[in-house]
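Q: Need a 3D model of the sequence below.
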Amino acid sequence: MARPSKLGLDYFPMDTDYFSDEKFQFITAKCGWMGEFVCIRLLAKIYRNGYFTKWTEDDRLLFAKNLNQGITVNKVNQIIDEAIKRDLFSATMLQENSILTSHGIQSRYIKACTDSHRKIIEIDPKFNLLPTK
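A: Take a look at the predicted model:
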């Protein structure tokens, strides 16, 4: 029996100007260092699983608990709200599918898979935010 193809990434690209990007500067200005920390941890969680992560009330609670930094669920929600305002995550995908993803996340995922010469790269059509070819 063939091994199932891996969906997630072992690493994800993070631009060297990540902290200079206005999206993240606004999140930091509104939410402090916790904003950057939570966003990086969320990106790692997303890319470890592929190009999205489930984001229900239970997922939020466990995510905040596992941070071990005294960051509350309310603070995580505040950071997510700010990240959505800045288009780091798609508001539509969160509202309609209870997932965190974005056009940028999906683009970087496809590029990382292509660069690693993965033979099969699929994005579920109901979650796809990229132009179809």
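
Q: Now do the helices in the protein.
A: Secondary structure of the chain (DSSP state H): helices located at 22-31, 33-49, 57-67, 73-85, 91-97, 103-115.

Q: right, so of those, which gets closest to F127?
A: helix 91-97 (6.4 Å; Cβ to Cβ). In short, each C-beta sits where N, CA and C put it, glycine included.

Q: tell me how far the closest one is from the chain's mean position?
A: Between the centre of helix 91-97 and the centre of its chain there are 13 Å (Cα atoms, centre = their mean, to the nearest Å).

Q: averaged over its residues, what pLDDT does it have?
A: Helix 91-97 shows a mean pLDDT of 98.

Q: Now Y11. Its backbone dihedrals?
A: Backbone geometry at Y11, expressed as degrees, to the nearest 10, gives phi -150, psi 160.

Q: tally of neighbours for it?
A: Neighbour count for Y11, taken as other Cβ atoms under 10 Å: 10.

Q: cool, and T16?
A: T16, neighbours per other Cβ under 10 Å, totals 6.

Q: residue nearest the centroid of the protein?
A: L43 (3.9 Å; Cα atoms, centre = their mean).
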